[in-house]
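>>> Generate a structure from the sequence data that follows.
(one chain, ligands or ions: 1)
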Amino acid sequence: MNSLLSTLLGWVGLAPPKIFCRRKVWDAGTRELARRTLGERRESGAYLLGRKAWTGAYEILDFVFYDDVDPEALATGIVTIRETALPRLWEICRARGYGVVADVHVHPGGYGQSTSDQANPVMPRSGHIAFILPNFARGRPRPGAIGMYEFLGAGRWADHSKRGTAFFRVRWRP
Ligand SMILES: [Zn+2]
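Just a heads-up that it's a prediction; the model follows:
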């Protein structure tokens with residue numbers, strides 16, 4: 001969307017979020033992340049695949065769980081992304097016609113980024129979004145109660161967590 005229209009919509013409270021996801025996809029994906037902590041004994045995570053909508057916002061359409069592309073990804077209890085998993089990920093993206101629009105991982109406690117989260121963006125390109133779900137993704141994680149970070153490049157991040165649904169919206173319908 002052009003920036004003038006975006007600005008005008010912002011004034012009347014209709015600005016599109018940066019990223020959104022249908023409720024069914026988000027709830028199923030976050031439930032599965034909770035299940036993959038094996039009774040809250042380890043972290044889990046996923047690449048979020050999707051595409052850009054006409055508004056310029058990204059739509060999340062699919063979760064690709066780290067341990068599905070790399071069986072060792074969760075072995076240490078903390079998510080470890082290995083380069084060897086990437087060819088498999090690109091293959092899935094090609095097959096589905098999607099790109100990686102964000103990533104998500106769970107924390108045992110709060111949703112703040114760890115030093116390692118900040119130092120190792122999953123997709124090291126500016127504009128990439130990283131979600132962190134607190135409490136092993138227990139309950140129904142929603143914008144406003146989760147970590148939402150945007151990689152700006154050169155080790156810098158913007159923290160959008162407090163923006164809630166202005167940044168990320170979970171929708172009933174497409
Ligand atoms: Zn983390």
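>>> Smallest gap between this structure and the ion, at which residue?
Using CB to the ion, the single residue of the chain nearest to the ion is Asp117, 4.1 Å away. From N, CA and C alone the C-beta is placed, and that goes for glycine too.
>>> For that residue, grab the count of nearby residues.
Neighbourhood size, Asp117 [other CB atoms under 10 Å]: 19.
>>> Over to Gly56?
13.
>>> State the pLDDT value of it.
Listed pLDDT for Gly56 reads 88.
>>> Doesn't it belong to a strand?
No. The assignment for Gly56, made by DSSP: H, G, I helix; E, B strand; the rest coil, is coil rather than a strand.
>>> any idea how far it is from Arg125?
Going from Gly56 to Arg125 by CB to CB, to the nearest Å gives 17 Å.
>>> tell me the SS of the residue of the chain closest to the ion?
Reduced to three states by three-state DSSP, Asp117 is helix.
>>> Same question for the one 5 residues further on.
Classification of Val122 by three-state DSSP places it in coil.
>>> For it, which non-adjacent residue is spatially closest?
The shortest distance from Val122 to any non-neighbouring residue, by CB to CB, 6 or more residues apart in numbering, is to Asp103 (4.1 Å).
>>> residue contacts, the one you found?
Shown in contact with Asp103 (CB atoms under 8 Å, 6 or more residues apart in numbering): Gly45, Ala46, Tyr47, Leu48, Val122, Met123, His128, Ile129, Ala130, Phe131.
>>> which secondary structure element contains it?
Asp103 is part of strand 99-106, with elements assigned from DSSP states H and E.
>>> Neighbouring strands of that strand in the sheet, and parallel or not?
strand 45-52 (antiparallel), strand 129-133 (parallel) (DSSP bridges).
>>> just how off-centre is the first one within its chain?
So that's strand 45-52. Here the centre of strand 45-52 is set off from its chain's centre by 7 Å, with CA atoms, centre = their mean, to the nearest Å.
>>> residues of that strand that come out buried?
Neighbour counts over strand 45-52 (16 or more other CB atoms under 10 Å) mark Gly45, Ala46, Tyr47, Leu48, Leu49, Gly50 as buried.
>>> What mean pLDDT does it get?
pLDDT averaged over strand 45-52 gives 96.
>>> which is the next helix or strand following that strand?
Taking DSSP H and E as the definition, the helix or strand right after strand 45-52 is strand 58-65.
>>> which helices and strands sit right next to that next one?
For strand 58-65, the packing partners by 3 or more CB pairs under 8 Å, 6 or more residues apart in numbering; DSSP states H and E come out as strand 19-22, helix 23-35, strand 45-52, helix 86-96, strand 99-106.
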